[in-house]
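J.: one predicted model, sequence on top.
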Amino acid sequence: MLSTHSLLPKLKKEYPQLLFAPGKQFAWSPDAHTVFYDESDPKNTGLLLHELAHGLLEHHDYSKDVELVAMETEAWDKAVELASSYGIDITEETVQDNLDTYREWLHARSTCPKCEATGYQSGKSEYTCVACGHVWRVNEARICALRRYSKK
Ligand SMILES: [Zn+2]
Ligand SMILES: [Zn+2]
């Protein structure tokens, strides 16, 4: 099975416009224009390609949480496409498991802490409840670093 160690030289050669660097976790940094990879998890080629996909799609900032979920979906679609050209298998289950963490995150943020109805995002870090009018603040989230991915 291909490891990130043997995949990285190929990626660096193919995408010289992006930087690749070891990091604490797999992540794409639009500011540093860098794909970070976790050296302690060399089998996670799928996640490496996912972060690369964010970079190739030039994902940057987002103003609404739903946009982040859309970017995640887009990056996984692209990762699956890249994977097939490198002979890597990213299963639909892996994709859905990862997207679920974002869907759950979005659900938790948009649920009214007072009445549990669903609210709408009324500001960068603010939601408003459609049922009771309660307004609550949420923590700012960074792209692709919302949760640590489970290592399989
Ligand atoms: Zn409410
Ligand atoms: Zn992502």
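T.: Now that the structure is in, tell me what you want to look at. Ligands and ions are numbered 1, 2, ... in the order given.
J.: and the nearest residue to L49 once chain neighbours are set aside, how many neighbours?
T.: With Cβ to Cβ, 6 or more residues apart in numbering as the measure, A79 is the residue that lies nearest to L49, at 4.3 Å, once sequence neighbours are left out. Where C-beta positions appear, they are placed from N, C-alpha and C, glycine not excepted. Neighbouring residues of A79 were enumerated by other Cβ atoms under 10 Å; the total is 25.
J.: am I right that A79 is in a helix?
T.: Yes - under DSSP: H, G, I helix; E, B strand; the rest coil, A79 falls within a helix.
J.: gap between L47 and S3?
T.: Look at L47 and S3: by Cβ to Cβ, to the nearest Å, they are 12 Å apart.
J.: so, low pLDDT: which residues of this protein?
T.: For the chain, applying pLDDT under 70 flags the ranges 140-152.
J.: and the helices in it?
T.: With DSSP state H, the ranges of helices along the chain come out as 4-14, 45-56, 65-85, 92-110.
J.: and of these, who's closest to ligand 1?
T.: Smallest distance to ligand 1 across the helices of the chain (Cβ to the ion): 10.9 Å, for helix 92-110.
J.: now the angle from that closest one to helix 45-56?
T.: Helix 92-110 runs at 60 degrees relative to helix 45-56, counting by axes from the mean of the first three to the mean of the last three Cα atoms, to 10 degrees.
J.: which strands or helices does helix 92-110 pack on?
T.: In this structure, helix 92-110 makes packing contacts with helix 65-85, strand 119-123, judged by 3 or more Cβ pairs under 8 Å, 6 or more residues apart in numbering; DSSP states H and E.
J.: please see if it touches ligand 2.
T.: No - with Cβ under 5 Å from the ion as the threshold, helix 92-110 lies outside contact range of ligand 2, at a closest distance of 7.5 Å.
J.: dump the helices of the chain to a markdown table, plus distance to A27.
T.: A markdown table is the format used below for the helices of the chain (distance: least, Cβ to Cβ, whole Å):
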| stretch | distance to A27 |
| --- | --- |
| helix 4-14 | 14 |
| helix 45-56 | 6 |
| helix 65-85 | 12 |
| helix 92-110 | 13 |
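J.: mind putting these in TSV, distance to ligand 1 included?
T.: Conversion of the helices of the chain to TSV gives the following (distance: least, Cβ to the ion, whole Å):
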stretch	distance to ligand 1
helix 4-14	45
helix 45-56	34
helix 65-85	18
helix 92-110	11
